[in-house]
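Engineer: Compute the structure for the input listed below.
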Amino acid sequence: MLSSRQWPAAVGLVLAALFVALGFIAHAAHAGTGVDHAVLDSMLAQRRQWLTPIAVFITDVVGPNGMWPLGIVVGAVLWWRWRTALPALVIIGTLIATRIATPVTKHIVATQRPPHAVRLVVENSPSYPSGHSLTTISVLGVLAVILGYGHSRTIRIWLWLTVAVGTVAVALTRLYLGVHWLSDVTGGVLLGSLISLVAGSLFGRYAPRNLSTA
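Structural biologist: Numbers count the residues shown, from 1 in each chain. Model (predicted):
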C-alpha cells in the first residue's frame, strides 16, 4: 500500500506517462487521429449562430486570458489576508509553469491543428497540447487546493466541482471553435493536472499548520 506521501508521486507518474504516450500518438497522426476527426465532425454539427459568441466568451474568460488575472488577484488577496507569501508564490509559480510548458511541449510534439476552414478563431501555434485546457485546470486546481485548505469536505467538493465544470467548459469550446483535436484538450488536462498536483503538493507540504483560512 502507498502512503499518503507516496500517492501524489504515483499519480504524477501516471499523468506524465499518459501525457507522453498521447503525445507520441498525436505526433504520429500529425493532424488528428481517426477519433479526433470523428469528434471534430460531431462538434461542427452542433454549431449554432447563437452559441458561437458564448463559446468565444467562455474560451476567453475561463482560458489563459482570465486565469492570469484571477490567479494574481487571488494570490495577492491571500497574501494580505493570511500574512504569508506562500499562496501567492505557489499560484504565480503555477502560472509561470503553464506559460513555459505550453509552448515547449507544443513545439516538441509539433502537430497540426484542424483545418483553417473550420476554425472560428485565429490560432497559429502547434496543436498538442491545448494551452487553454492546460492553464485552466492548472490554475483552478491549485486554487481549489489552497482555498480548500483547512475547510470542510463539503467546501472542498464544491471547489473541485468548479474546477471540473471550468475545465470541461473550456475543453468543449476549443473543440467547438475548431482549433483543437480531442487529443489536444485531453493532453492539456493531463499536463495541467500534473502541474496542479505538484503545486498543490508543495503548498500542502510547506503551509503552516496554524495557517488561518477564516
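Engineer: Can you show me the helices along this structure?
Structural biologist: Along the chain, the stretches classed as helices by DSSP state H are 6-29, 34-44, 51-61, 64-82, 86-109, 131-147, 153-176, 182-206.
Engineer: who wins for proximity to residue 125 among these?
Structural biologist: helix 86-109 (5.6 Å; Cβ to Cβ). Using the backbone N, CA and C atoms, a C-beta is placed for each residue, glycine as well.
Engineer: Isn't residue 171 up against residue 130?
Structural biologist: Yes. Using Cβ atoms under 8 Å, residue 171 is in contact with residue 130, at 7.1 Å.
Engineer: Between the two, which has more neighbouring residues?
Structural biologist: Ranked by neighbour count (other Cβ atoms under 10 Å), residue 171 and residue 130 place residue 130 first, with 31 against 23.
Engineer: If we ignore the residues flanking it in sequence, what's nearest the more buried one?
Structural biologist: Residue nearest to residue 130 in three dimensions, not counting chain neighbours: residue 188, with 3.6 Å by Cβ to Cβ, 6 or more residues apart in numbering.
Engineer: Look up how far residue 96 lies from the one you found.
Structural biologist: Distance of residue 188 to residue 96, computed by Cβ to Cβ, to the nearest Å: 17 Å.
Engineer: Now render the helices of the chain as CSV, adding distance to residue 115 and mean pLDDT.
Structural biologist: As requested, those are exported to CSV (distance: least, Cβ to Cβ, whole Å; pLDDT from 0 to 100):
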stretch, distance to residue 115, mean pLDDT
helix 6-29, 14, 94
helix 34-44, 9, 97
helix 51-61, 18, 96
helix 64-82, 24, 95
helix 86-109, 18, 97
helix 131-147, 19, 97
helix 153-176, 14, 97
helix 182-206, 14, 96
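Engineer: Identify, out of those, the most deeply packed stretch.
Structural biologist: Most buried of those, by mean neighbour count (mean count of other Cβ atoms under 10 Å): helix 131-147, with a mean of 27.
Engineer: That one packs against which elements?
Structural biologist: Packing partners of helix 131-147 (3 or more Cβ pairs under 8 Å, 6 or more residues apart in numbering; DSSP states H and E): helix 64-82, helix 86-109, helix 153-176, helix 182-206.
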